[in-house]
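> make a model of this:
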Amino acid sequence: MIYLYIKPLSSAMIVAGLIITMTAVEQADAKTTINVGEVTGSADSTHSPLHKKLKKLDNKYTNKQVFRETQSAVVLGNKNKKMISPNAGAAELLATAPGVHIMSENPQNGSGRYNISINGMGVGWWSGNTYRNQISVLFDGIPMNNQITNDGQWNSNQIPILAMIHGVNVIYGPGNPKDRWYDSLGGTINFVPLQPTTKANAKANLSVGSYGSKTASFSLNTGHWYGWSTVLAGGYTSANSFYQSPSNWPQHSWSVYMKTAHPFSNGMFTFGFYYEKSNATHSLTIPVTPIAGYSVNGYGKPGQLLSQQTSGFYYVPSSDLWYKNDIVDSYILYSQQIFDLGGGWTLKNTPWYRHAYRLHQAYFNYGASSYNPEAAEHYAPTNNSFGDRLGANLHSHYNDVDLGGWLSYQQYNTNEELWNPLLGTSQSNPYVYNNVELNTLFSNLYVQDTIKLMNNHLRITPGVALASFYTSMSDLVNPDTKSIYLTATPGAKTNFTRFEPSLGINYKFLKNFSFYANYSETYQNETDLAYGAYLQKIAINPADIPITRAVDYEAGLRYHNNTTNIGINYYHDYLTNLLNGVSGSITQFNASGYNLGNAIYQGVNVYAKWRPMWQLYVYGSANIQHSYYTKDYNNSGVSFNGVRLSGIPHYSFNLSVSYKFRTRYGILEPVLTDQYSGGQSLYNNVTGGPTNQTINAYNIVNLSASYKTFVFNHIIPGAKETDFSVGVYNLLNRKYESDIYLSTGGYNPQEQPSLFAYAGAPLQVFGGVTVKF
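Reported below is the predicted structural model:
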């Protein structure tokens, strides 16, 4: 029912807003004598009013902005991109930030999906996370997260092509109200794409590498043309797996992005579009040590024992025995209307629409004839969401006031069939199936005031938000087949409203030093698992569904000048009612239940950027963390109180050094990078919680070089610069696990939990060329 009320109402609000906006644009253009169709010499200047207006679209933080922030934040840019391979995706770039850890099941390029955590709080698919949905991910300020799902709220392969990303803003913790979204308990990541500019330019890139990896991308900026400035970018990437297997395990992705802007006398109108599609196959996790019954030919079949020790560290069985294909397909339509109201006031309205589709098609024939009735899967969830964010800002000498709000509605349908043809079931006649619809309406009203005292040396930002979460789950079961239906709960509704106070401080106590601190209290709606989705044997009482609460403390020191930026941050987060699904084996798709626990995440982050001369650049980041449960029990009553959380390195660091050499025909820049991940607590997929066992640490060294030259400018028409690059990644060919946990295979009821793992990528070589026009 809520869908019937909200969809026409919200659509009417958005359409009305656009009509009002276009009317205002026409009136504003009619009142001005400026001919926006002409490009004058002053308009081309970087100091022109047009350039200044378009520059406001670039929301990437500067180091100076981070220095004065009253919340914990970092910015990633081109220097961070040089630390990773040219075929890498969003996750690898994020891993260069302090406190960010990634895990993958097939880490070859941007098509594979990664689990990402910030200070231990995650977003992604890995079951070992205390909670999977603690980070908000934005594209150009637009939310990309599914609002309710427990297993696919955001996939890293939704950003497969980094060439179109100008920079990344990372906010640690909930932060201040104006930057916060519905999943920002652990942080907010904003991927800032290329923006329209006053001058025309273009770029084309091609890179190739080991295991058939290749990426091609382009960007085109029209410059100011008949009153509009437009940027268009896109790319394609593909690769086979590095696994040694009878199968190739291919993966590929492509994405396209467009944004156009029309500045007018007292504001600007923009329209944006982003589309991506990723298709990646991945294999079975492999026993670390040999287990009776596991062979390279299937469970209980004659042949060499299957394990990293016996069949080979990188060996995986054929896709005929175990195969999974993950497809992610989504697009975003959005617009921005910005008005200068005078007197320091600015009004900004941002409506958006997002569609997302996922398909998991899997076949688990490795031991299908024995004990696994869920040997094949067809899982095709779809969600549609739309919303609007309206905010006003006052910039004055003594205050920066932000007030506004956002509303986001989503309809999510999740359907799944599980079967085993060897046991007489099929997709049309499955062992179990699921068909649930969830409607969610989340909203947030906020106000914050940055008070500037002591000649702007002291900034104090009090804020408050009113967060509301409405959720309705409907079981769309067919009564004739209820015996095989996966969800035992016929329906559930919740409605939560909470105040979220916050306070931020930044004190510039010396010319180049600032101290900052931030306190915030925030809330988050639980995922669909709490409403009974996928739980076949547990019926949920809606009155028992809780809401997650987070209390976050951040404090740190920063140093900033023209050559050096250093930040040290301490964080302490106390989260209550964390939901974690419990699954007993690697072949069991859906949780048999879930835990609700409380946990403390605490640690220290450090980063440094140093450029003492134009040739030399040094970047470093580090994290030390001790995060643990204060209260948590599994379904059998086993306590995890005091046990460190899984999937979180106890300490980690990144170090990168680059140096530019001037040559006769250009500039050569080698880059040496060292990435270290310390030990982390092992997750037990059977008990549904962490253990006191520690996974081994690993260290990865990368060496790359780029060469920028202008000698091809007279050969390639219109070329202004040509860049060549080559790199060796995992230079020392270290063997390490990108993901590892305790589990049973699900093929023998008497089997004891053992270590299963995905191997990390071995030594790989990449090369590429970029031409700028």
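
> show me what the helix or strand hosting Ile102 is packed up against.
When secondary structure is defined by DSSP states H and E, Ile102 falls within strand 100-104. Secondary-structure packing of strand 100-104 (3 or more CB pairs under 8 Å, 6 or more residues apart in numbering; DSSP states H and E): helix 90-94, strand 114-118, strand 737-743. Placement of C-beta: from N, CA and C, glycine included.

> those: which one's closest to Asp400?
strand 114-118 (26.0 Å; CB to CB).

> who does the residue lying closest to Ala95 once chain neighbours are set aside bridge with?
Distances taken as CB to CB, 6 or more residues apart in numbering put Ile102 closest to Ala95, at 4.8 Å, once the chain neighbours are dropped. Beta-bridge pairing for Ile102 (DSSP bridges): Ile116.

> residue contacts, Ile102?
91-92, 94-95, 114-117, 156 (CB atoms under 8 Å, 6 or more residues apart in numbering).

> next one: it from Tyr114, what distance?
5 Å (CB to CB, to the nearest Å).

> again, but for Asn699
Per CB to CB, Asn699 is found 19 Å from Tyr114.

> show me where pLDDT drops low in the stretch 451-600 of the chain?
478-483, 581-594 (pLDDT under 70).

> neighbours of Asn190, how many?
A count of neighbours around Asn190, defined by other CB atoms under 10 Å, yields 23.

> so who does Trp249 touch?
106, 240-241, 243, 281-283, 316, 319.

> secondary structure class for it?
With DSSP: H, G, I helix; E, B strand; the rest coil as the basis, Trp249 sits in coil.

> look up phi and psi at it.
The phi/psi pair for Trp249 (degrees, to the nearest 10) reads phi 50, psi 60.

> so in terms of bridging, what pairs with Ile624?
Going by DSSP bridges, Ile624 is paired in beta bridges with Val604, Tyr651.

> got the contact list for it?
By CB under 8 Å, 6+ apart, the contact set of Ile624 is 603-604, 650-651.

> how close does it get to Gly99?
Distance, Ile624 to Gly99, by CB to CB: 9 Å.

> re earlier: now do the buried residues in the strand holding Ile102.
Within strand 100-104, the residues that qualify as buried are 100-104, counting by 16 or more other CB atoms under 10 Å.

> with respect to Tyr519, which of those is nearest?
Of all the buried residues of strand 100-104, Val100 has the smallest distance to Tyr519: 22.8 Å, by CB to CB.

> and the nearest residue to that closest one once chain neighbours are set aside, how many neighbours?
Distances taken as CB to CB, 6+ apart place Leu94 nearest to Val100, at 5.0 Å, with adjacent residues excluded. Neighbour count for Leu94, taken as other CB under 10 Å: 26.

> please apply the same query to Asn456.
Neighbourhood size, Asn456 [other CB under 10 Å]: 12.

> so which of the helices and strands packed on strand 100-104 gets nearest Trp352?
Judged by CB to CB, the one of the helices and strands packed on strand 100-104 that comes nearest to Trp352 is helix 90-94, at 19.5 Å.

> now do the contacts for the closest residue to Tyr571 other than its chain neighbours.
Among residues not flanking Tyr571 along the chain, Glu554 sits closest, at 5.2 Å (CB to CB, 6+ apart). With contact taken as CB under 8 Å, 6+ apart, Glu554 is in contact with 71-72, 172-173, 516-519, 569-571.

> do Met473 as well
Taking CB under 8 Å, 6+ apart, one finds 436-438, 489, 491-493, 528, 531-533 in contact with Met473.

> Gln693 too?
Taking CB under 8 Å, 6+ apart, one finds 681-682 in contact with Gln693.

> just the element for it, please.
Using DSSP H and E, Gln693 sits within strand 689-695.

> adjacent strands (with direction) for that strand?
Take DSSP bridges as the rule and strand 689-695 pairs in its sheet with strand 680-684 (antiparallel).
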